[in-house]
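Participant: Okay, here's the prediction I keep looking at, along with the sequence it came from:
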Amino acid sequence: MRLAIFDSGQSFGTKILFALIRMMSGHPALDILKLVRYRPDFYGRPMQVVTQEAMRGPSVWSVGDRELMAAFVSKANQSEWCAKAHAAVAEGAYRDGKKVSAVLSDLETSPIEEPLRATLRMLYKLTRENAVVAGDMRAVLAAGVSRQQIEDALAVCFSFNVTNRLADAFGFVVPGPEAFEAGAKYLLARGYR
Amino acid sequence: MSDIGQARKALTARVLEGDGKASPAQRRAAFNNTGLAGPSGNLADKVARYAHAVSDEDIEAVKASGLSEDQIFEIVVCAALGQAMRQHESALAALTAATRKG
């Protein structure tokens, strides 16, 4: 990572945690953990509350749907670390790697239902163009997505438009697939708390 | 989703108004992506608009301008949060307009 404080500036307890993670999993702690555990009162802890609600709070969208949204937004932001991390979680949640790959390769031809497709289309525009208009929202509503579902999707989009930027600005190192699979298992079991 | 709006407000308030190493004015400028001069301003703009292009050199330039790593951490967080909030607000406004009756 680009700032040494994410390693040298961690609390003693966090350093012990990271040593345990390495010992038990065989992998170093993922860089996202270093980010959220550094001065957690400033960013990590309040952001975890937001992301936990977005990704695991009550919603008509499944956990898999929301992890797919996270991966899709991350890909739109060209955030390799986040796209790979959340594709792994979505694959685990859906137990369907092909579906996730298909959406990330070509949304329009992927084998998903139209409400999800219309929502992802809107999230892509919002992420790439930084704004959407009423017509964009009417298209999502017309596809059978409720207002609440749109708000829930926007909550995911918000969390990942923040996280993607931090991952890229701080230079998260992209590990191998085994590390992301281990991270995915953790997120599916424990969420974002 | 209940209370997520409150959680976002709490996050924003903490980052902008709580204790920090960068001044509240610097953090607010990074959040708004306006008013930060020199390498800090360049970095905040890049984080907001194309973070995937941030380089080691961008970070080093801010360090060379005199900011500590803690100040850089805070400015980058503020820039990221500000851009995401503007996107989110745009989307909520569009949703309200789309669902307005009459």
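Facilitator: The structure has been received and is ready for your questions.

Participant: now the longest helix seen in chain B: mean pLDDT?
Facilitator: Selection of the longest helix in chain B by residue count, based on DSSP state H, yields helix B:69-99. Helix B:69-99 shows a mean pLDDT of 98.

Participant: now stretch A:12-31
Facilitator: 90.

Participant: what's the longest helix of chain B packed up against?
Facilitator: helix A:5-8, helix A:114-129, helix A:134-142, helix A:147-169, helix B:4-17, helix B:24-32, helix B:38-50, helix B:56-64 (3 or more C-beta pairs under 8 Å, 6 or more residues apart in numbering or on different chains; DSSP states H and E). Yep, even glycine has a C-beta here, placed from its N, CA and C like the rest.

Participant: what comes up buried for the shortest one?
Facilitator: Applying a neighbour-count criterion of 16 or more other C-beta atoms under 10 Å in any protein chain shown, one finds A:5-6 buried in helix A:5-8.

Participant: now swap in the fifth one and tell me
Facilitator: By 16+ other C-beta under 10 Å, the buried positions in helix B:4-17 come out as B:4, B:7-8, B:11-12, B:14-16.

Participant: circling back: of the helices and strands packed on helix B:69-99, which stretch is the most buried?
Facilitator: A comparison of the helices and strands packed on helix B:69-99 by mean neighbour count, using mean count of other C-beta atoms under 10 Å in any protein chain shown, puts helix A:147-169 on top with a mean of 25.

Participant: which helices and strands sit right next to the helix or strand that comes right after it?
Facilitator: Remark: after helix A:147-169, the chain's next helix or strand is helix A:177-190, criterion DSSP states H and E. Under the contact criterion of 3+ C-beta pairs under 8 Å, 6+ apart, helix A:177-190 touches helix A:80-94.

Participant: what's the angle between the helix it packs on and helix A:147-169?
Facilitator: 140 degrees (axes from the mean of the first three to the mean of the last three C-alpha atoms, to 10 degrees).

Participant: Which strands or helices does the next helix or strand after helix A:80-94 pack on?
Facilitator: Next along the chain after helix A:80-94, taking DSSP H and E as the criterion, comes helix A:97-105. Counting contacts by 3+ C-beta pairs under 8 Å, 6+ apart, helix A:97-105 packs against helix A:63-76, helix A:80-94.

Participant: Out of those helices, which gets nearest to chain B?
Facilitator: helix A:80-94 (8.0 Å; C-beta to the nearest C-beta).

Participant: Put the alpha carbons of that closest one into CSV.
Facilitator: This file holds the C-alpha atoms of helix A:80-94, laid out as CSV (Å, rounded to 0.1, in the frame of the first residue of the first chain):
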residue,chain,number,x,y,z
GLU,A,80,-9.5,-4.5,-10.1
TRP,A,81,-9.1,-5.4,-6.4
CYS,A,82,-12.7,-4.7,-5.5
ALA,A,83,-14.1,-6.3,-8.7
LYS,A,84,-12.2,-9.5,-8.1
ALA,A,85,-12.9,-9.6,-4.3
HIS,A,86,-16.7,-9.1,-4.7
ALA,A,87,-17.0,-11.4,-7.8
ALA,A,88,-15.6,-14.1,-5.5
VAL,A,89,-18.2,-13.3,-2.8
ALA,A,90,-21.1,-13.2,-5.4
GLU,A,91,-19.9,-16.5,-6.8
GLY,A,92,-20.0,-18.0,-3.3
ALA,A,93,-23.4,-16.5,-2.5
TYR,A,94,-25.0,-17.7,-5.7
